[in-house]
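Undergrad: Task: produce atomic coordinates for the following.
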Amino acid sequence: AVVSTQSTGIIKTSWPNGWLSVTLVFAFNAWDFGGTIATGLSYKMPDNILLLTGALRWLMVPVLLMCVLPANPIIPGEGVPIVVMSILGFTTGYMGSTPMCAASSQVALEEREMAGNLMTMCMLLGLTLGSTSAMVMNTILGIDNV
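TA: Next comes the predicted model:
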């Protein structure tokens, strides 16, 4: 069978009209929602495992980049990027919500408002740094139509 390959600007894919990009965004958001909901379950991940998982997430970034290199992806296909985005989405939701939910029990009553403000500031700083680093990576990889 002959499969035509289309380019969505970043990912070379056999999916028509850029649907892979839409699917990747959907996978991330759906699993992010699932991770956020999982925070409310009775199981709580120990702090050291939560920290280790957060550190190991960084290993997913090079894998994702190897899937979406514009000229010649090192890891071809559509399955790996969907799985990677799903894992990143779930862990983002879970590890983003768990500290926000648990923080109030970790500080004294009179410090809770300040702790909440500090967590919000750190979360926004992380979002800003993440967006900025994405723009830098786009420039390094030569992706100018995103």
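Undergrad: Could I get the average pLDDT for the strand or helix carrying Gly96?
TA: Remark: Gly96 resides in helix 79-102, with elements defined by DSSP states H and E. For helix 79-102, mean pLDDT rounds to 88.
Undergrad: That helix packs against which elements?
TA: For helix 79-102, the contact count by 3 or more C-beta pairs under 8 Å, 6 or more residues apart in numbering; DSSP states H and E identifies helix 19-38, helix 47-56, helix 60-68, helix 112-141 as packing neighbours. C-beta coordinates here come from the backbone N, C-alpha and C atoms, glycine included.
Undergrad: Out of those helices, which gets nearest to Phe90?
TA: Phe90 lies closest to helix 19-38 among the helices and strands packed on helix 79-102, at 4.2 Å (C-beta to C-beta).
Undergrad: so how far is the closest one from its chain's centroid?
TA: Centre-to-centre, helix 19-38 and its host chain are 9 Å apart (C-alpha atoms, centre = their mean, to the nearest Å).
Undergrad: tell me what it is packed against?
TA: helix 79-102.
Undergrad: Now do the buried residues in the helix it packs on.
TA: For helix 79-102, burial by neighbour count (16 or more other C-beta atoms under 10 Å) applies to 81-82, 84-99.
Undergrad: what's the answer for stretch 101-120, then?
TA: By 16+ other C-beta under 10 Å, stretch 101-120 has no buried positions at all.
Undergrad: Over to stretch 54-68?
TA: Val63, Leu64, Cys67, Val68.
Undergrad: among the helices and strands of the protein, which has the poorest mean pLDDT?
TA: strand 6-7 (a mean of 46; mean pLDDT, DSSP states H and E).
Undergrad: can you pull the contacts of the closest residue to Gln106 other than its chain neighbours?
TA: In this structure, Gln106 finds its nearest non-sequential neighbour in Ala115, 7.7 Å apart by C-beta to C-beta, 6 or more residues apart in numbering. By C-beta atoms under 8 Å, 6 or more residues apart in numbering, Ala115 lies in contact with Ala103, Ser104, Gln106, Val107.
Undergrad: And Ala115, how close does it get to Lys44?
TA: 19 Å (C-beta to C-beta, to the nearest Å).
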